[in-house]
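# got a sequence here, can you build the structure:
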Amino acid sequence: MNNVKLYDFDEYKKQTLKDNEQLKERYDELDLKYQVISAVIEYRQKHHLTQQEFAKKVGISQQALSRFERGIINPRVDFLNKILRAAGKKVIIK
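Below is the predicted model:
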């Protein structure tokens with residue numbers, strides 16, 4: 001039987017970002033984008049909605065939602081606002 005070594009991703013990420021300042025800066029730049037993506041996916045899962053169902057609720061295509069959730073696009077503010085409103089969320093800038 002093969003021995004499989006499991007890694008703690010959070011610890012790995014923490015150490016990697018600590019060791020690489022340039023990577024940490026880039027990660028921090030993308031943090032908001034991925035927080036929003038995570039919130040949308042979490043909302044869909046919690047409410048048992050497919051991408052198709054949620055996209056219809058938002059008023060966008062399923063393809064656009066898929067590209068957004070995969071982080072392929074950098075959405076405009078109005079696009080984010082539509083998605084977040086449909087998910088009952090909002091962005092607060094301090």
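
# can we go C-alpha only for contacts and neighbour counts from here?
Noted.

# look up the pLDDT of residue 2 for me, please.
Looking at residue 2, its pLDDT stands at 68.

# isn't residue 75 right up against residue 65?
No - taking contacts as C-alpha atoms under 8 Å, residue 75 lies outside contact range of residue 65: 10.3 Å.

# who has more neighbours out of these two?
Under the criterion of other C-alpha atoms under 10 Å, the comparison of residue 75 against residue 65 puts residue 65 first, with 22 against 14.

# and the more buried one, what element?
Assigned by DSSP states H and E, residue 65 falls within helix 62-69.

# which strands or helices does that helix pack on?
Counting contacts by 3 or more C-alpha pairs under 8 Å, 6 or more residues apart in numbering; DSSP states H and E, helix 62-69 packs against helix 21-46, helix 51-58.

# for the ones you listed, which one sits closest to residue 83?
helix 51-58 (5.9 Å; C-alpha to C-alpha).

# in terms of mean pLDDT, which of the helices and strands packed on helix 62-69 ranks lowest?
Note on those: helix 21-46 shows the lowest mean pLDDT, a mean of 86.

# quick one, the helix or strand encompassing residue 82 and helix 21-46 angle?
Here residue 82 sits within helix 77-86, counting by DSSP H and E. Following axes from the mean of the first three to the mean of the last three C-alpha atoms, to 10 degrees, one obtains 40 degrees for the angle between helix 77-86 and helix 21-46.

# picking that back up, so how far is the helix holding residue 65 from its chain's centroid?
Chain-centre distance of helix 62-69: 11 Å, with C-alpha atoms, centre = their mean, to the nearest Å.

# which residues sit against it?
The contact list for helix 62-69 (C-alpha atoms under 8 Å, 6 or more residues apart in numbering) reads 37, 38, 40, 41, 51, 52, 55, 56, 73, 74, 75.

# out of these, the closest to residue 15 would be?
Of the contacts of helix 62-69, the one sitting nearest to residue 15 (C-alpha to C-alpha) turns out to be residue 38, at 22.2 Å.

# returning to what we had before: buried deepest among the helices and strands packed on helix 62-69, which one?
Ranked by mean neighbour count, those are led by helix 51-58 with a mean of 17 (mean count of other C-alpha atoms under 10 Å).
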